[in-house]
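# Predicted coordinates and the sequence they were generated for:
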Amino acid sequence: GVTGMEEILARVVVPLPTYETRDKSPPPPESNSLEFMHFYKSLTKEEKLNFLTKLSQDFGVDHKSVSELAAKLLDNQLRDLSTILQVEDRLRYSLTPRYKQLLNHISRVENGVKFLVDLRADVLEMISSKASESPHIRDLSGTLKSLLSEWFSVGLLQLERITWQSPCEILQKISQYEAVHPVRNWTDLKRRVGPYRRCYAFTHAAMPGEPLVVLHVALTEDISDNIQSIVREFATVDSEEDVNKVNAAIFYSISSTQAGLQGVELGNYLIKRVVREMQSEFPHMAQFSSLSPIPGFSSWLQGVLVQYRKEGRGSELLSEQEWKEVEQATDSSPGTQTVDALRKLIATSEWMRSERLSRVLEPVLMRLCAWYLYGEKRRGYALNPVANFHLQNGATMWRLNWLGDTSPRGVASSCGIMVNYRYFLNKTSQNSALYLQNKVIAASEQVLGLVSQFQKNSKL
Ligand SMILES: CC(C)(COP(=O)(O)OP(=O)(O)O)[C@@H](O)C(=O)NCCC(N)=O
């Protein structure tokens with residue numbers, strides 16, 4: 001109940017030591033942390049929200065002492081620098097939320113770090129689900145993120161290569177965490193860690209046996225343009241006979257496994273770390289690229305067609321000739337009926353089964369997809385989350401691949417198109433800075449060509 005919460009908090013979230021005694025006071029008993037963790041885990045979702053709101057509100061920063069110290073700094077009687085630095089350091093200390101000390105102590109008990117990772121996952125969910133609008137909860141999330149970013153910095157992470165010889169419990173987790181191309185069975189899993197494949201994960205001593213982020217790589221002669229050749233099941237070759245057949249590393253799946261570590265950029269670091277691993281194993285390897293899905297393209301396209309249907313401007317999406325071909329192929333009459341027919345074809349993936357429609361729609365869907373990836377934005381960054389991820393890393397939007405993923409899922413979610421985000425190693429840091437600061441997308445001639453074809457066709 002509520003009193004129980006207040007009682008627990010008052011007892012285990014001890015006041016911060018005074019500035020003078022901040023380095024001298026003994027840590028509170030470990031039992032405080034254990035009790036807090038145990039109590040929190042016993043709460044329902046609602047109670048957790050209530051509990052964390054109280055924690056962040058009543059056991060955060062002492063705003064009064066902050067404003068007093070800030071006022072002191074403004075006092076221009078303050079002359080010599082050492083006094084100013086002193087007051088600044090007091091101000092800095094006064095900005096430490098009271099609960100931060102408890103979080104630090106929790107990180108030192110057994111499974112404490114994992115508890116804090118899961119705690120941030122809960123807080124992120126409260127924020128994203130709008131269950132909480134409290135600025136204090138956002139502050140708590142920020143404090144957790146800064147602590148976790150320190151503890152999970154690259155230097156403290158362990159790179160592990162996953163092979164068929166890895167412990168079953170790790171292989172089981174790799175299979176369970178696979179978010180991009182679900183693992184079908186043991187044979188499939190064995191293939192993904194077998195010849196001409198690499199699977200790497202970051203682990204952390206504080207969370208043994210837990211792959212934090214997993215990257216799957218295919219070793220190929222050149223940059224893959226379709227996923228079936230990578231995840232299709234067929235008799236595995238015994239060993240990697242011919243390594244000079246290997247010129248490219250294709251990242252075809254990456255998944256982070258801890259929701260609470262979102263924003264800590266583990267995936268980005270893992271890709272860069274694995275590139276270095278590949279370079280040392282294959283010194284002549286010069287091509288590094290993703291083969292990425294385009295989740296959301298089909299639904300975006302449906303939305304655009306509905307909008308055009310309403311405004312009767314469908315003609316700008318397809319040329320007159322293309323609409324005519326769709327009319328004939330769907331035996332529909334010009335105008336909204338054809339737009340509806342096209343929407344239905346895309347929703348049911350019917351168009352894939354017709355040679356004629358595929359031929360008509362290839363240029364249309366390719367240029368629409370190029371625009372979706374390159375032109376559609378959210379707060380200035382790429383709308384598509386996978387594009388945004390690789391562009392933040394400094395990759396180049398390099399090639400759209402028609403029939404890149406002919407699986408039912410691939411056709412339904414992105415009309416079967418896949419995209420290569422290519423990592424030109426000497427360009428990634430510059431591309432990343434340009435993207436993050438100026439929202440400039442690095443794209444290849446092929447992509448820019450498709451985008452300009454789209455713009456010629458429509459006034460978007
Ligand atoms: C793509 C991933 C790995 C990026 O993780 P990361 O580099 O840690 O970025 P962030 O979560 O720190 O912003 C993550 O967002 C994820 O697992 N997405 C779902 C699967 C996918 N590959 O889209």
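The structure has been received and is ready for your questions. Numbering: from 1, shown residues only.

# What sits closest to residue 417 if chain neighbours are left out?
Nearest residue to residue 417 in three dimensions, chain neighbours excluded: residue 369, at 5.0 Å (CB to CB, 6 or more residues apart in numbering). C-beta: built from backbone N, CA, C; applies to glycine.

# Spell out which parts of the stretch 251-400 of the chain neighbour the ligand.
The stretch 251-400 of the chain has residues 254, 255, 256, 262, 263, 264, 265, 266, 267, 268, 386, 389 near the ligand, with proximity defined as CB under 6 Å from any ligand atom.

# and which of these is nearest to residue 322?
Closest approach to residue 322 among those (CB to CB): residue 386, at 27.8 Å.

# Work out which residue lies at the spatial centre of this structure.
With distances taken as CA atoms, centre = their mean, residue 389 lies nearest the centre of the chain, 6.1 Å away.

# Doesn't that residue belong to a helix?
Yes: the assignment for residue 389 (DSSP: H, G, I helix; E, B strand; the rest coil) places it in a helix.

# Look up the closest residue to it, ignoring the ones flanking it.
Leaving aside its sequence neighbours, residue 389 sits nearest to residue 267 (CB to CB, 6+ apart; 6.8 Å).

# What distance do you get for whatever residue of the stretch 351-460 of the chain ends up closest to the ligand to residue 121?
For the stretch 351-460 of the chain and the ligand, the shortest gap (CB to the nearest ligand atom) falls at residue 389, measuring 4.7 Å. According to CB to CB, to the nearest Å, residue 389 and residue 121 sit 19 Å apart.

# all helices of the stretch 51-200 of the chain, in order?
Here the stretch 51-200 of the chain has its helices, by DSSP state H, counting those that start in this stretch, at 63-74, 81-94, 98-106, 112-128, 135-151, 168-177, 186-192.

# What's the mean pLDDT across the first one?
In this case it means helix 63-74. Mean per-residue pLDDT for helix 63-74: 91.

# Would you mark the buried spots in that helix?
Neighbour-count burial for helix 63-74 flags 69, 72 (criterion: 16 or more other CB atoms under 10 Å).

# Export only the CA atoms of it, formatted as CSV.
Extracted C-alpha coordinates of helix 63-74, given in CSV (Å, rounded to 0.1, in the frame of the first residue of the first chain):
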residue,chain,number,x,y,z
HIS,A,63,15.8,22.2,-5.6
LYS,A,64,15.9,24.7,-2.7
SER,A,65,19.6,24.2,-2.0
VAL,A,66,20.3,24.3,-5.8
SER,A,67,18.7,27.7,-6.2
GLU,A,68,20.5,29.1,-3.0
LEU,A,69,23.9,28.0,-4.4
ALA,A,70,23.0,29.3,-7.9
ALA,A,71,22.1,32.7,-6.3
LYS,A,72,25.4,32.7,-4.5
LEU,A,73,27.3,32.2,-7.8
LEU,A,74,25.4,35.2,-9.2
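
# quick one: that helix to chain centroid distance?
Centre-to-centre, helix 63-74 and its host chain are 39 Å apart (CA atoms, centre = their mean, to the nearest Å).

# and the angle for that helix with helix 81-94?
Here helix 63-74 runs at an angle of 160 degrees relative to helix 81-94 (axes from the mean of the first three to the mean of the last three CA atoms, to 10 degrees).

# Now do the contacts for the residue of the stretch 151-300 of the chain found nearest the ligand.
Taking CB to the nearest ligand atom, the ligand has its nearest neighbour within the stretch 151-300 of the chain at residue 267, 2.6 Å off. By CB atoms under 8 Å, 6 or more residues apart in numbering, the contact list for residue 267 reads 213, 215, 254, 256, 389.

# wait, is it part of a strand?
No: the assignment for residue 267 by three-state DSSP gives helix, which leaves it out of any strand.

# how close does residue 43 get to residue 209?
27 Å.

# who has more neighbours, those two?
residue 43 (16 against 9; other CB atoms under 10 Å).

# Tell me, how many residues neighbour the closest residue to the more buried one other than its chain neighbours?
Once flanking residues are discounted, residue 43 sits nearest to residue 51: 5.9 Å by CB to CB, 6+ apart. When neighbours are counted by other CB under 10 Å, residue 51 registers 20.

# Could you do the one 3 residues further on as well?
Here the neighbour count serves as a burial measure; for residue 54 (other CB under 10 Å) it reads 17.

# Please name the residues that touch it.
Under the criterion of CB under 8 Å, 6+ apart, the contact list for residue 54 reads 5, 6, 9.

# hmm, 6 Å instead?
Shown in contact with residue 54 (CB atoms under 6 Å, 6 or more residues apart in numbering): residue 5.

# that's a strand at residue 6, yeah?
No: secondary structure of residue 6 (three-state DSSP): helix, not part of a strand.

# Give me the distance between it and residue 284.
As defined by CB to CB, residue 6 lies at a distance of 65 Å from residue 284.

# Does the longest helix seen in the chain pack against any helices or strands, and if so which?
Across the chain, the longest stretch assigned as helix under DSSP state H is helix 355-374. Here helix 355-374 touches helix 297-311, helix 320-330, strand 396-401, helix 445-457, going by 3 or more CB pairs under 6 Å, 6 or more residues apart in numbering; DSSP states H and E.

# Stretch 284-294: end-to-end distance?
This stretch, stretch 284-294, spans 30 Å end to end (CA to CA, to the nearest Å).

# quick one: contacts of it?
Residues contacting stretch 284-294 (CB under 6 Å, 6+ apart): 223-224, 227, 247-252, 275, 278, 386, 390, 414, 417-423.

# Of the residues you listed, which belong to helices?
275, 278, 386, 390, 414.

# Got a quick ChimeraX command for the buried subset of these?
Of the ones in helices among the contacts of stretch 284-294, the buried ones go into a single ChimeraX selection, burial set by 16+ other CB under 10 Å:
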select :275,278,386,390,414
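
# Could you save the ones in helices among the contacts of stretch 284-294 as TSV and add columns showing pLDDT and distance to residue 360?
Shown next, in TSV, are the ones in helices among the contacts of stretch 284-294 (pLDDT from 0 to 100; distance: CB to CB, whole Å):
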residue	pLDDT	distance to residue 360
275	97	40
278	96	41
386	97	27
390	98	30
414	97	18
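
# Where does the prediction get shaky in the stretch 151-300 of the chain?
Regions of the stretch 151-300 of the chain meeting the criterion pLDDT under 70 cover residues 233-238.

# and with 90 instead?
Flagging of the stretch 151-300 of the chain using pLDDT under 90 yields the residue ranges 179-180, 232-245.

# Could you pull out the strands in it for me?
Applying DSSP state E, counting those that start in this stretch to the stretch 151-300 of the chain gives strands spanning 157-161, 197-204, 213-220, 248-256, 287-290.

# The second one - contacts with which helices or strands?
Spelled out, that is strand 197-204. With contacts taken as 3+ CB pairs under 6 Å, 6+ apart, strand 197-204 sits against strand 157-161, strand 213-220, helix 266-281.
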